[in-house]
Structures are given as structure tokens and as C-alpha cells.
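> Here is the input, now give the coordinates:
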Amino acid sequence: MPDSTTLDTAIPASGVSGAAFAGIAEQAVRTVAAQQADGVRAAADLVVEGLRAGGVVQAFGTGHSQAFAMEIAGRAGGLVPTNMIALRDVVTLGGEPPAVLFGGPEGAHLERDPAVARRIYDLNAPQPTDVFMMASNSGGNGSVVELARVVKEHGHPLIAVTSLAHTTQVTSRHPSGLRLFEIADVVLDNGAPYGDATLSAGGVAVGAISSITAALLAQMIVAEVVATMLAAGETPPVYLSANVPEGDAHNTALEARYAGRIRRSA
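The predicted structure is shown next:
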């Protein structure tokens, strides 16, 4: 198992405040950046290898871990050859009724359903050279674990972002009993404590940290990919902001290289 990130969140309930959380967040950023640096470089190497072979990065997360996929796919200053996979693809691409996303008899706990994983993989039609990046704080929900298994069945490199403090304390909801970190080629620890929230507040906890540190790891990977390509004399395919005058023309030209393989939505 990869080394876990040690994050001190021992703040008494009397110390709960916005400033206290800001302090925890600052510490988390510094700690994760330092302790996951080697893993970030390993992840970047897999991405560079995939891009050089004509692949794209396929990013996936459920719940709040979708924020990680959004940091990877279609972000200003980010890599153009990126695609976001989501559970809602069964509706937007697969024609399922929207009810499957909203609980009830048809859609209860869709992220826990292993059966949805192969469906969303097929709907996105990855190519053999594509690299997958998946985020899950708990790392044990059925859709996440099954998609990881499908990804590895097809021979794709797999980078995972998870909380080792949390995932090692839970039982997988997948029939195999596996968790995401046990399947991935590179595992990055987001440093979040068990339950994600960082500040004790009278019997509950507040101040979830995993989205902040996952975004940090996503941007660190992108920076390392770009640095590697620049050092090799290559021009990295990077987005300009669509909100600067030259952005649309720049981005459209780059996106054309990956027509039909990357989707962008509002």
C-alpha cells in the first residue's frame, strides 16, 4: 500500500471557525504537495506516455469527486486531450430516463451499482492508448471499483486519487471486496481524514478537505506533464481561457485533433 499522508486535524470544538479551517487547508496543501510529489511525477509520466501515443486522459469521479474530473477535463490552463466521464452519461449518451440519477426504485445509489460502470465505459468508447484518472475519497463504491476493474481489463494505465485514511477503514461495496487503491497503477493520497471533514464540532465534524487537495493534485499532475513535454522540446496541448479574445480560436484548433473523443458541455 502507498504511504499515507499525515495531516494533523486535532483542533478542539471550541476552535471551530473559518480561520481554523483555513489553517487546516493551508497545512493540507503543503503536506499533500510534499508527500505526494513522487506519485505526482509517476502519474505525469503515464499521462505523457499516453499523449505521445495519441491517447487522451479519461477522468472520472462520483459525488463531490466529480470536482477532480472537472479540474482535469476542459479547464483553462489544462490539457486539451481530456474527457470527463460521469454517471449521468447513461442519460446524456445512453438514453436512460433521468429518474435513474435521482434515487427511488430505479436510481437508488447509482454510484454504488457496479453494473453502471461497464455501460459508461462503453458509451465513452476509450481507445487503447487512453489513460484513466479516477477520484474517490472512500474508494469503495461499486461503480468506482467496477470501472477501475474494467479499465485494467482493457489495459489502460490507471491513476487514482483517494483518502488512504478513509478507504483503509471501510469495507468495499463491490462484490470483489476490492477498493480503488488496490487496483490502480499509481495511487495519490488526498490526505483527507476518515469522514473527510476536519474540524470537530460538538459531536459532528465540518470542513471537508478532499476537494481542495484533489484539485491540488490534479493541477500538479498537469504542471508536471507540461514541464516534461517542454523539456523534450514538445509543444503541450494546453487550453487558453475561453474568456480571452484569442481563446476560442486557439482551443478550437487543438480540439479538432481529438474530434469525437473529447466532449465539452456547459
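> which residue ranges form the strands in the stretch 101-250 of the chain?
131-135, 158-162, 186-189, 197-201, 204-208 (DSSP state E, counting those that start in this stretch).
> Have a look at this structure and report its longest helix.
helix 210-231 (DSSP state H).
> list the contacts for residue 82?
Contact partners of residue 82, counting by CB atoms under 8 Å, 6 or more residues apart in numbering, are 56, 57, 58, 59, 72, 73, 74, 262. No exception for glycine: its C-beta is placed from N, CA and C like everyone else's.
> any idea what sits nearest the fifth one, other than its immediate chain neighbours?
Nearest-residue entry for residue 72: residue 59, 4.0 Å, with adjacent residues in sequence omitted and distances by CB to CB, 6 or more residues apart in numbering.
> Report how many residues lie close to the one you found.
25 (other CB atoms under 10 Å).
> Kindly report the same for residue 214.
If you count neighbours by other CB under 10 Å, residue 214 ends up with 29.
> Let me know whether it touches residue 65 as I believe.
Yes. Counting by CB atoms under 8 Å, residue 214 touches residue 65, with 6.9 Å between them.
> Name the residues contacting each of the two.
With CB under 8 Å, 6+ apart, residue 214 and residue 65 have common neighbours 135, 161.
> Geometric centre of the chain: which residue is closest?
Geometric centre of the chain, nearest residue: residue 135, 3.5 Å, by CA atoms, centre = their mean.
> name the element the spatially closest residue to that residue that is not a sequence neighbour belongs to?
Excluding the flanking residues, the one nearest residue 135 by CB to CB, 6+ apart is residue 68, at 3.6 Å. Residue 68 belongs to helix 66-72 when assigned by DSSP states H and E.
> what's that helix packed up against?
Packing partners of helix 66-72 (3 or more CB pairs under 8 Å, 6 or more residues apart in numbering; DSSP states H and E): strand 57-61, strand 82-85, strand 131-135, helix 210-231.
> if we can go back for a sec, correct me if wrong: the residue nearest to residue 135 contacts residue 61.
Yes. Look at residue 68 against residue 61 with CB under 8 Å: they come within range, at 4.9 Å.
> Could you name every residue contacting both of those two?
Joint contacts of residue 68 and residue 61 (CB under 8 Å, 6+ apart) are residue 135.
> returning to what we had before: can you add mean pLDDT and give the helices and strands packed on helix 66-72 back as a markdown table?
Below are these laid out as a markdown table (pLDDT from 0 to 100):
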| stretch | mean pLDDT |
| --- | --- |
| strand 57-61 | 98 |
| strand 82-85 | 98 |
| strand 131-135 | 98 |
| helix 210-231 | 98 |
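> which one of the ones you listed lies closest to residue 247?
strand 82-85 (16.5 Å; CB to CB).
> how distant is that closest one from the center of its chain?
10 Å (CA atoms, centre = their mean, to the nearest Å).
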